[in-house]
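Peer 1: Generate a structure from the sequence data that follows.
(one chain, ligands or ions: 2)
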Amino acid sequence: MTPPVVLTVAGSDSGAGAGIQADLKVFAALGVYGTSVLTAVTAQNTREVRAVFGVPAEMVTAQLRTLTEDLPPVAVKTGMLGDAEVADAVAGAARAGLLPNLVVDPVLVSTSGARLGVVEAIERLLPYALVATPNRAEAAAILGRTVSGTDEMAEAARQLAAGGPRYVVVTGGDVDGSGLATGGGEAFGGAVDALCTGTEVRLLRRPWVPTRNSHGTGCSFSAAIAARLALGDQVPDAVAFAKEYVTRALLGARTWSLGSGHGPLDHFRWSDAAPGGGGSASSSGSGSSRGSGPSSTGR
Ligand SMILES: Nc1ncnc2c1ncn2[C@@H]1O[C@H](COP(=O)(O)OP(=O)(O)OP(=O)(O)O)[C@@H](O)[C@H]1O
Ligand SMILES: Cc1ncc(CO)c(N)n1
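Peer 2: Ligands and ions are numbered 1, 2, ... in the order given. You can find the predicted model right below:
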């Protein structure tokens, strides 16, 4: 059995909750061969991003060329890009056809509030995206207006899809500064995302998981979409799978204590094996076999 190759182009999170490290965990959990091109190194833990060191654009290009010559990916996701030169380097590879099934997660700000990207960089890559996955704040920054309720999320998804990516998911998982269970998701009666397929907008709704351990939800969501695309899913199915996967990974992480800030997700369903583990929570509605994913969501 040869697994499909999937690539993440993103920054390193030393705390391994987000960025490259989260993406590689998702790829492993979903049974694809993960490769990585680093755009930045962050000094980061569950509480803060203390320092960011950008990888020069020429080095990003060198990684992309070297990798794709030998291990061409079937699907790709991008996360933190850093500056516009790096975004140009990635856009150049996309233009050359080296980045098929491209999922762009327009990372701008970390959960802890640190700036990780600029709108100008994201705008250079969006035209090449098959799928874009901005959260509400990112969609607002790109469009230059606020995006609050589900109607505005749907409208933002539609507007962004008209300007480049074939599919856009505006996610509603953002949590306010105080962290615990105070996020927009609760106010909406669940974790709601708006998927624009080009022709229509669907609201994807799953139960809101009240936990501080939500570091890297966006990274994991976009990585799971790329993994499922590589395994042959159509985009709406890949998105539905990814939503279920993240819900399940949040549920599994509810009771663990890794760091004193926003801890990581339970990517590998370890909580299923723990006594009274979080993975079987009925509200998830997901399957329970280890390593496998759900077959449907509440679309
Ligand atoms: N507490 C939660 N409970 C349930 N689902 C959640 C929760 N937090 C996020 N999600 C879901 O996770 C997915 C990722 O969305 P989110 O809006 O968190 O991305 P993000 O803000 O880009 O993440 P990050 O903080 O990693 O940058 C979405 O499907 C969202 O609805
Ligand atoms: C490296 C990196 N990428 C993305 C995010 C967004 O969560 C983060 N905190 N760190």
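Peer 1: Helix, strand or coil: sort out residue 15 for me.
Peer 2: Look at residue 15: counting by DSSP: H, G, I helix; E, B strand; the rest coil, its state is coil.
Peer 1: Can you tell me how far it is from residue 200?
Peer 2: Distance, residue 15 to residue 200, by CB to CB, to the nearest Å: 38 Å. Every residue, glycine included, has its C-beta placed from N, CA and C.
Peer 1: Check residue 38 too.
Peer 2: Note on residue 38: its distance to residue 200, by CB to CB, is 37 Å.
Peer 1: So for these two, which sits in the more crowded spot?
Peer 2: residue 38 (17 against 9; other CB atoms under 10 Å).
Peer 1: did I read that right, that one in a strand?
Peer 2: Yes - under three-state DSSP, residue 38 falls within a strand.
Peer 1: For the stretch 1-150 of the chain, what lies in contact range of ligand 1?
Peer 2: By the criterion of CB under 6 Å from any ligand atom, the positions of the stretch 1-150 of the chain lying close to ligand 1 are 18, 111, 135.
Peer 1: How many residues are close by the spatially closest residue to the first one that is not a sequence neighbour?
Peer 2: When the adjacent residues along the chain are set aside, residue 18 lies closest to residue 216, with 3.6 Å between them (CB to CB, 6 or more residues apart in numbering). Counted with other CB under 10 Å, the neighbours of residue 216 add up to 30.
Peer 1: near ligand 2 too, which of the residues of the stretch 1-150 of the chain next to ligand 1?
Peer 2: Checking those against ligand 2 by CB under 6 Å from any ligand atom, the ones in range are 18, 111.
Peer 1: of the residues of the stretch 1-150 of the chain next to ligand 1, closest to residue 156?
Peer 2: Of all these, residue 156 sits closest to residue 135, with 10.6 Å by CB to CB.
Peer 1: Please report phi then psi for the closest one.
Peer 2: Note on residue 135: backbone dihedrals following degrees, to the nearest 10 are phi -80, psi -180.
Peer 1: For beta bridges, what are the partners of it?
Peer 2: Beta-bridge pairing for residue 135 (DSSP bridges): residue 171.
Peer 1: Next up, the contacts around the closest residue in space to residue 8 that isn't next to it in sequence.
Peer 2: Nearest residue to residue 8, sequence neighbours excluded (CB to CB, 6+ apart): residue 23, at 3.8 Å. Going by CB atoms under 8 Å, 6 or more residues apart in numbering, residue 23 touches 8, 10, 34, 36, 77, 79, 219, 220, 223.
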